[in-house]
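A.B. asks: prediction below, plus the sequence it came from.
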Amino acid sequence: MGEDMKNSYFQVICKNNKTYLQVTPGDEGCEKLSVDEITRYIDFINIDRIDVVALKSYIDSENYETPFLLSMETIMPEREHLDITVKDEGRTAIARFYPPAAGGDLIDKEEIISDIQFMGVIHGIDENAVDDFIENRQYCTDYVIARATEPIEGYDASIEYFFDITTTVKPKLNEDGSVDFHQLGNIKAVEAGDMLARLTPAMRGKNGIDVRGKELLAKKVNTKSLRYGRNIRISEDKCTIYSMVSGHVSLVEDLVMVSDIYEVPANVDTSTGDIDYNGSVKVNGNVNTGYSIRATGDIIINGAVEGADIYAGGNIVILRGMQGMSRGRIEANGNITAKFIENSQVVCGGDLKCDALLHSDVECKGSIAVLGRKGLINGGNVRSYGKIEASNLGSNMGSSTKVELISGIELSKQINSHEKKIDEARASINKLNEVLEVIKESIEIEDEVKEAHIQFLKTAISSKPKLLKEISVLRERIELAEEILERTRKASINVGGKVYSGVKISIHDVSLVISKDTSHCKFVRDGADIRSKAL
């Protein structure tokens with residue numbers, strides 16, 4: 001080891017037909033002798049019936065002028081000995097050497113390496129450390145005798161987007177308490193030829209080897225690929241995507257979409273009919289009762305919505321609100337922002353924000369924030385996987401109001417179902433591969449391609465890509481469900497103003513009916529109960 005300080009060490013010697021323990025003191029401040037270490041060595045050389053209490057007293061006394069009597073008999077000579085300890089989960093092997101007993105022989109380099117390997121350390125042996133011991137022969141001292149080959153870690157894939165990927169609409173709160181929905185910044189313009197995103201592929205790591213010869217696994221890396229829709233081209237190396245048209249870019253989950261904006265100059269009514277558009281839609285007027293808008297991108301309505309059906313693959317913004325007349329429905333995979341929503345059915349895949357939410361049936365996978373001067377949720381059934389915030393819940397008119405944080409049980413069931421389907425698809429792929437291998441061997445032996453072989457190959461060519469696509473889609477669904485499930489664990493119902501009596505609060509299948517008006521509180525799940533805490 002090349003250290004200046006030497007530890008104390010012990011040696012078993014024989015004289016006058018008896019066996020003794022001879023201790024050689026080390027330098028001041030060195031490592032003290034361990035009774036456990038001594039007894040292990042004595043056991044190794046087969047000396048029985050040692051008085052351990054007396055031995056401990058002898059070692060603690062540090063008076064080693066007289067050797068300690070171990071046995072009234074002599075023992076056979078024992079050669080120099082080494083012991084190995086593997087530490088740090090197999091990354092390091094420590095050797096400690098002990099002098100020969102009763103006149104035994106010293107061991108040479110070849111014997112030391114052979115002993116190390118016999119004790120299970122077969123990789124990364126440091127011959128310099130062995131040479132150091134042979135040169136200095138320090139006993140009862142740690143020698144780092146072997147080191148693992150550490151794994152070389154890789155890194156995850158990453159995607160850099162060259163446009164604003166923020167999906168959360170943040171309306172301005174005016175001084176009078178109202179909400180300004182005019183400047184939302186929802187439209188993300190893009191020009192033809194613009195770079196949209198760049199992928200840095202994952203770099204897989206290289207496994208290492210521990211001192212026992214076992215693999216030390218490098219951390220798994222997360223792979224990604226660029227997902228994109230129409231009007232987008234990808235570079236030859238599959239690492240960069242560009243817009244092919246001037247229009248509107250958005251990110252829905254991890255899918256980049258570019259589309260022209262279909263603009264309706266006035267109302268959606270008899271002059272337009274229903275609108276079904278592969279892109280984003282902007283309506284400068286109102287959407288009248290009985291009509292519908294379907295868009296794969298965003299929908300922005302500068303006027304009001306009556307009893308109409310509105311569906312968006314992205315976000316929905318309704319600047320003057322929606323009076324659904326108990327027949328209107330709005331649904332978005334992204335966020336929904338509206339001045340108010342009344343007597344409507346709402347399904348929101350992202351976050352929902354509005355000034356008032358009245359007598360409506362709402363289900364939201366993100367969070368719900370009812371902002372503004374009123375900030376009122378009154379009547380209907382409002383359900384969310386994420387946090388629900390409002391200024392006021394219910395009213396003194398006694399309208400039936402239910403606010404619920406949805407349990408993640410169904411999501412967990414969906415995840416399990418998807419995982420089972422993935423296993424089934426993998427099993428089908430493995431079966432196809434097995435049969436293909438049999439056909440290959442048959443062709444090689446018989447030197448003939450049979451009609452049955454051709455038919456199966458056609459089936460395999462058709463089936464395998466479909467199964468791989470199914471696995472990919474199911475994995476995406478699992479990731480989305482796990483993301484929503486995580487929201488449910490952190491969700492609460494926050495009320496900055498008043499909660500009126502009669503309001504029903506439900507959190508993960510536990511319900512509480514408010515018996516008297518209360519203010520400025522947060523409702524959370526606490527075991528089998530719902531607790532109210534001050535904000």
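C.D. replies: Okay, I see it.

A.B. asks: output the longest strand belonging to the protein.
C.D. replies: Looking across the chain with DSSP state E, the single longest strand is strand 322-332.

A.B. asks: quick one: contacts for G328?
C.D. replies: Contact partners of G328, counting by CB atoms under 8 Å, 6 or more residues apart in numbering, are 289, 305-310, 322, 343-345. Backbone N, C-alpha and C define where each C-beta goes, glycine included.

A.B. asks: for the residue nearest to D351 when sequence neighbours are not counted, phi and psi?
C.D. replies: Distances taken as CB to CB, 6 or more residues apart in numbering place G366 nearest to D351, at 3.9 Å, with adjacent residues excluded. According to degrees, to the nearest 10, the main-chain angles of G366 amount to phi -100, psi -130.

A.B. asks: and the strands in the stretch 51-200 of the chain, which stretches?
C.D. replies: Using DSSP state E, counting those that start in this stretch, the strands of the stretch 51-200 of the chain run over 68-71, 81-87, 92-98, 143-147, 158-161, 172-173, 179-180, 189-190, 195-200.

A.B. asks: how much space between V144 and L468?
C.D. replies: Applying CB to CB, to the nearest Å, one obtains 48 Å for the distance of V144 from L468.

A.B. asks: and the residue nearest to D351, how close does it get to G496?
C.D. replies: On the measure of CB to CB, G366 and G496 end up 19 Å apart.

A.B. asks: in the stretch 351-500 of the chain, where is pLDDT below threshold?
C.D. replies: The stretch 351-500 of the chain contains residues with pLDDT under 70 at 408-411, 443, 446-453, 456, 481, 484-488.

A.B. asks: on that earlier part again, which of the strands of the stretch 51-200 of the chain has the lowest mean pLDDT?
C.D. replies: Least confident of those, judged by mean pLDDT, is strand 179-180 with a mean of 56.

A.B. asks: now do the helices in the stretch 301-450 of the chain.
C.D. replies: Secondary structure of the stretch 301-450 of the chain (DSSP state H, counting those that start in this stretch): helices at 409-446.

A.B. asks: how about the strands in the stretch 401-535 of the chain?
C.D. replies: When secondary structure is read from DSSP E, counting those that start in this stretch, the stretch 401-535 of the chain shows strands at 401-405, 493-499, 504-507, 510-513, 518-526, 529-534.

A.B. asks: same for the first one, what does it pack against?
C.D. replies: Where contact means 3 or more CB pairs under 8 Å, 6 or more residues apart in numbering; DSSP states H and E, strand 401-405 is packed against strand 376-384, strand 504-507.

A.B. asks: now those strands as a markdown table including distance to F162?
C.D. replies: Supplementary listing: the helices and strands packed on strand 401-405 in a markdown table, determined by distance: least, CB to CB, whole Å:
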| stretch | distance to F162 |
| --- | --- |
| strand 376-384 | 33 |
| strand 504-507 | 41 |
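
A.B. asks: list the contacts for the closest residue to E89 other than its chain neighbours?
C.D. replies: With CB to CB, 6+ apart as the measure, D210 is the residue that lies nearest to E89, at 7.3 Å, once sequence neighbours are left out. Residues counted as contacts of D210 (CB under 8 Å, 6+ apart) are 89-91, 123, 148, 216.

A.B. asks: contact partners for C348?
C.D. replies: Contacts of C348 were listed using CB under 8 Å, 6+ apart, and they are 331-332, 335-336, 362-366.

A.B. asks: can you pick the most crowded of the residues you listed?
C.D. replies: Using other CB atoms under 10 Å as the neighbour criterion, I336 leads the contacts of C348 with 30 neighbours.

A.B. asks: that residue pairs with what?
C.D. replies: Applying DSSP bridges to I336 yields these beta-bridge partners: I316, L352.

A.B. asks: repeat for the one 10 residues further on
C.D. replies: When bridges are called by DSSP bridges, V346 pairs up with I330, V362.

A.B. asks: would you mind finding the longest helix in this protein?
C.D. replies: helix 451-490 (DSSP state H).

A.B. asks: who are the packing partners of it?
C.D. replies: helix 409-446.

A.B. asks: ok, back up a step: could you dump the helices and strands packed on strand 401-405 into a markdown table and include mean neighbour count and distance to E127?
C.D. replies: Supplementary listing: the helices and strands packed on strand 401-405 in a markdown table, determined by neighbours: other CB atoms under 10 Å; distance: least, CB to CB, whole Å:
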| stretch | mean neighbour count | distance to E127 |
| --- | --- | --- |
| strand 376-384 | 22 | 66 |
| strand 504-507 | 21 | 65 |
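
A.B. asks: and of the ones you listed, who's closest to L255?
C.D. replies: Evaluated over the helices and strands packed on strand 401-405, closeness to L255 peaks at strand 376-384, with 23.8 Å, by CB to CB.

A.B. asks: now do the contacts for P151.
C.D. replies: Taking CB under 8 Å, 6+ apart as the definition of contact, the neighbours of P151 are 205-208, 216-219.

A.B. asks: er, M325 I mean
C.D. replies: So M325 contacts 289, 306-307, 343 (CB under 8 Å, 6+ apart).

A.B. asks: returning to that earlier point: would you list the strands of the stretch 401-535 of the chain in JSON lines and tack on distance to I152?
C.D. replies: Conversion of those to JSON lines gives the following (distance: least, CB to CB, whole Å):
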{"stretch": "strand 401-405", "distance to I152": "45"}
{"stretch": "strand 493-499", "distance to I152": "47"}
{"stretch": "strand 504-507", "distance to I152": "47"}
{"stretch": "strand 510-513", "distance to I152": "50"}
{"stretch": "strand 518-526", "distance to I152": "45"}
{"stretch": "strand 529-534", "distance to I152": "49"}
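
A.B. asks: quick one: which of the ones you listed is nearest C239?
C.D. replies: strand 401-405 (41.1 Å).

A.B. asks: buried subset of the contacts of P151?
C.D. replies: The neighbour-count test (16 or more other CB atoms under 10 Å) marks 205, 208, 218 as buried among the contacts of P151.

A.B. asks: now, which of those lie within helices?
C.D. replies: Nothing among the buried ones among the contacts of P151 maps onto helices, per DSSP H.

A.B. asks: which among those gets closest to G29?
C.D. replies: Within the buried ones among the contacts of P151, proximity to G29 (CB to CB) peaks at G208, which comes in at 36.1 Å.

A.B. asks: ok so, going back, how about the contacts of C348 in TSV, adding distance to I293?
C.D. replies: Conversion of those to TSV gives the following (distance: CB to CB, whole Å):
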residue	distance to I293
E331	11
A332	11
N335	16
I336	13
V362	19
E363	20
C364	20
K365	21
G366	22
